[in-house]
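**Q** Return atomic coordinates for the entry below.
(4 chains)
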2 protein chains.
Amino acid sequence: MKPQTVPDILPPRGQMAKRLSMLDAGARVFCSEGFAGANIDLIAAEAGVSRQTVYNNFGDKEKLFAAVVGEITDRCTAGAFAVLGTFPDHPKHLETDLTDFAIRFIRNCICDRDGKFLRKLIHMEGERHPELFASWRVGGPGKVWSALAARFARLAFAGFLDIDDPDVAARQFFSLIFTDLQIPALFGEVLSDKEVARSARIAVVTFLRAYGRREAGGETPG
Amino acid sequence: MKPQTVPDILPPRGQMAKRLSMLDAGARVFCSEGFAGANIDLIAAEAGVSRQTVYNNFGDKEKLFAAVVGEITDRCTAGAFAVLGTFPDHPKHLETDLTDFAIRFIRNCICDRDGKFLRKLIHMEGERHPELFASWRVGGPGKVWSALAARFARLAFAGFLDIDDPDVAARQFFSLIFTDLQIPALFGEVLSDKEVARSARIAVVTFLRAYGRREAGGETPG
DNA sequence: GACGAATTGGACAAGGCTGTCTAAAAAAAT
DNA sequence: ATTTTTTTAGACAGCCTTGTCCAATTCGTC
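**A** Purely as a prediction, here's the structure:
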């Protein structure tokens, strides 16, 4: 063990720190001003670097934007899979565990900074430059849905749920989760933990009304 | 009957035609280029008027944008209420009638031109200029949800549904309807009638699994 | 400490856009 | 038919932005 050189990228220092700083500032400015309205000088200032450094690192505005999109989509996909790893495969109390899972998903994938950025980036440039998001579409939502569907299928197999089509159930689960978050999210409103918890709770209640086991009566098993 | 003077505004002619044309072109250009990227010359050209006419009618770019937002939000709200008027208050076959209603809603409020414009406008400027959408928020989704909740409550009272909170059920109904449309809509993809019908169908099936009457068992009553 | 790479701040040209102004033309109203 | 209003095309100033270039400076590393 020679702690002299640190080959790992644990503390992003030096060039990497600047690069991340620029991507971060780029995400902020692009999202709030739009691509055309975004000002490279402002991005450089917010990143704490000179404009020339931005051009040195990314070439031009469009390439910077593409890099920002790549960074955000990667982070969002990683975040979604991280939360997916906390799915309650062996639930003690199904409703509670699913609700907690939903809360984690909302907090880490929808209401967080990257989630907001991703939504805005897609809305801004999804139609004009779909190729920027092509890899995200197949590696992000597509895979996340499949993975969640597999978890639901396992729960159904174990007798916790009554599901015909796990893929449909997975997509509808997300949709129900987002029900009351969509409009506030559009206007950048920050949701309190209480609101998030309430949204998750009523979503899971409805989800279980639709997909919970029929024979075993609802909330009072014992 | 003196058809010499036409006080009504039935055929939008003259100034009104130009105004609508400008609002229309403005919506197209603002939505595809963003506010900062939108070019007044291009809007004027697409509207078939001179740039000066745009300035004469709306003052400046921001006022034109506000007028576009007002026009689109008004149209979307009106469209939503028009579809709401076709709700099956006395369903012959609940699932079929609700599915048809959902299809009408998708076609006329989500997948139509104004629906697309509204989503983009909100995403672009909702956070920066929430006041532009304040009246829409209370008069649009808020009222539509309430109205749909009232219809569901009536169906529940008539014994067709089993609903605890009609407001929640109404919002979740919309949410389920949009499940499979969100991402394609983001990328401007046009949905076939088949896809729309399928989305509506599986949404209504799940909705009825959650909120259909309990005692009258679903598909396998025996 | 010394070297090379990266960074900085500023100046700079080229281009685009907004918003105003004007005189001519067209449209509408009387 | 005439008068009034609206529309048009074009020119124009002012401003902002992108992207490049360059000399001076700082940073990371040996």
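
**Q** List the residues that contact A:E71.
**A** By CB atoms under 8 Å, 6 or more residues apart in numbering or on different chains, the contact set of A:E71 is A:L23, A:A27. C-beta coordinates here come from the backbone N, C-alpha and C atoms, glycine included.

**Q** For the one helix or strand it maps to, buried residues please.
**A** Secondary structure assignment for A:E71, by DSSP states H and E: helix A:61-84. For helix A:61-84, a neighbour-count test (16 or more other CB atoms under 10 Å in any protein chain shown) marks A:61, A:64-69, A:71-73, A:75-77, A:79-80, A:83-84 as buried.

**Q** For DNA strand D, tell me which of the residues you listed show up nearby.
**A** A:K61 (CB under 7 Å from any atom of the strand).

**Q** care to break chain A down by domain?
**A** A:1-59, A:69-211 (automatic domain parsing).

**Q** What average pLDDT does the helix holding A:E71 get?
**A** For helix A:61-84, mean pLDDT rounds to 96.

**Q** residue contacts, A:R128?
**A** B:S32.

**Q** for it, helix, strand, or coil?
**A** With DSSP: H, G, I helix; E, B strand; the rest coil as the basis, A:R128 sits in coil.

**Q** What pLDDT does the model give it?
**A** In this prediction A:R128 is given a pLDDT of 90.

**Q** for A:M16, same thing?
**A** 81.

**Q** For it, the count of nearby residues, please.
**A** A:M16 has 11 neighbours, counted by other CB atoms under 10 Å in any protein chain shown.

**Q** What helix or strand is it located in?
**A** Going by DSSP H and E, A:M16 is part of helix A:15-37.

**Q** Report the buried residues of that helix.
**A** For helix A:15-37, by 16+ other CB under 10 Å, it's A:18-19, A:21-31, A:33-35, A:37.

**Q** how close does A:F81 get to DNA strand C?
**A** In this view, A:F81 and DNA strand C are 31 Å apart by CB to the nearest atom of the strand, to the nearest Å.

**Q** which is the next helix or strand following the helix holding A:M16?
**A** helix A:40-47.

**Q** So which elements touch that following helix?
**A** Other helices and strands packing on helix A:40-47, by 3 or more CB pairs under 8 Å, 6 or more residues apart in numbering or on different chains; DSSP states H and E, are helix A:15-37, helix A:51-58, helix A:61-84.

**Q** measure the nearest residue to A:D112 once chain neighbours are set aside to chain B for me?
**A** Counting by CB to CB, 6 or more residues apart in numbering or on different chains, A:G79 is the residue found nearest to A:D112 once chain neighbours are left out, at 7.3 Å. Using CB to the nearest CB, to the nearest Å, A:G79 is found at 18 Å from chain B.

**Q** ok now do A:G79, which residues does it touch?
**A** A:N108, A:C109, A:D112, A:D114, A:G115.

**Q** and stretch A:187-199, anywhere near chain B?
**A** Yes. Part of stretch A:187-199 sits near chain B under the criterion CB under 8 Å from any CB of the partner chain, namely A:F187, A:G188.

**Q** tell me the mean pLDDT for that stretch?
**A** Stretch A:187-199 comes out at a mean pLDDT of 95.

**Q** and that stretch, how far apart are its ends?
**A** The straight-line separation of the ends of stretch A:187-199 (CA to CA, to the nearest Å) is 17 Å.

**Q** go on, stretch A:158-170?
**A** End residues of stretch A:158-170 are separated by 17 Å (CA to CA).

**Q** average pLDDT across that stretch?
**A** So the average pLDDT for stretch A:158-170 ends up being 97.

**Q** residues of it that come out buried?
**A** Those would be A:F160, A:L161, A:D162, A:I163, A:P166, A:V168, A:A169, A:A170, for stretch A:158-170 by 16+ other CB under 10 Å.

**Q** Show me which of those is closest to DNA strand D.
**A** Distance to DNA strand D, by CB to the nearest atom of the strand, is smallest for A:A170 among the buried residues of stretch A:158-170, at 40.5 Å.

**Q** what helix or strand is that closest one on?
**A** Using DSSP H and E, A:A170 falls in helix A:166-178.

**Q** Going by contacts, tell me the helices and strands next to the helix or strand just after that helix.
**A** Later in the chain than helix A:166-178, the nearest helix or strand by DSSP H and E is helix A:182-186. For helix A:182-186, not one helix or strand is in contact under the criterion 3+ CB pairs under 8 Å, 6+ apart.

**Q** then helix A:182-186 to PDB, C-alphas only?
**A** The C-alpha trace of helix A:182-186 is given here as PDB (Å, rounded to 0.1, in the frame of the first residue of the first chain):
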ATOM      1  CA  GLN A 182     -46.300  16.000 -12.000                       C
ATOM      2  CA  ILE A 183     -47.700  19.500 -11.900                       C
ATOM      3  CA  PRO A 184     -45.700  20.800  -8.900                       C
ATOM      4  CA  ALA A 185     -42.600  19.400 -10.500                       C
ATOM      5  CA  LEU A 186     -43.400  21.300 -13.700                       C
END
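
**Q** For it, give me every contacting residue.
**A** A:I110, A:C111, A:K116, A:R119, A:L191, B:I122, B:H123, B:G126, B:E127, B:R137, B:P141, B:S175.

**Q** and the first one, how many residues sit next to it?
**A** Yep, that's A:I110 we're talking about. Each residue near A:I110 was counted by other CB under 10 Å, and the total is 23.

**Q** And the second one, by the same measure?
**A** Other residues within reach of A:C111 by the criterion other CB under 10 Å amount to 18.

**Q** Which residue, neighbours along the chain excluded, lies closest to it?
**A** With sequence-adjacent residues excluded and distances taken as CB to CB, 6+ apart, A:C111 is closest to A:L191, at 5.8 Å.

**Q** Does the one you found lie in a helix or a strand, and which?
**A** Per DSSP H and E, there is no helix or strand for A:L191.

**Q** residues in contact with it?
**A** By CB under 8 Å, 6+ apart, the neighbours of A:L191 are A:C111, A:L181, A:P184, A:S199.

**Q** Out of the residues you listed, who's the most crowded?
**A** Result: A:S199 is most packed of those (other CB under 10 Å), 23 neighbours.

**Q** Go ahead and list the helix or strand containing that one.
**A** Using DSSP H and E, A:S199 falls in helix A:193-211.
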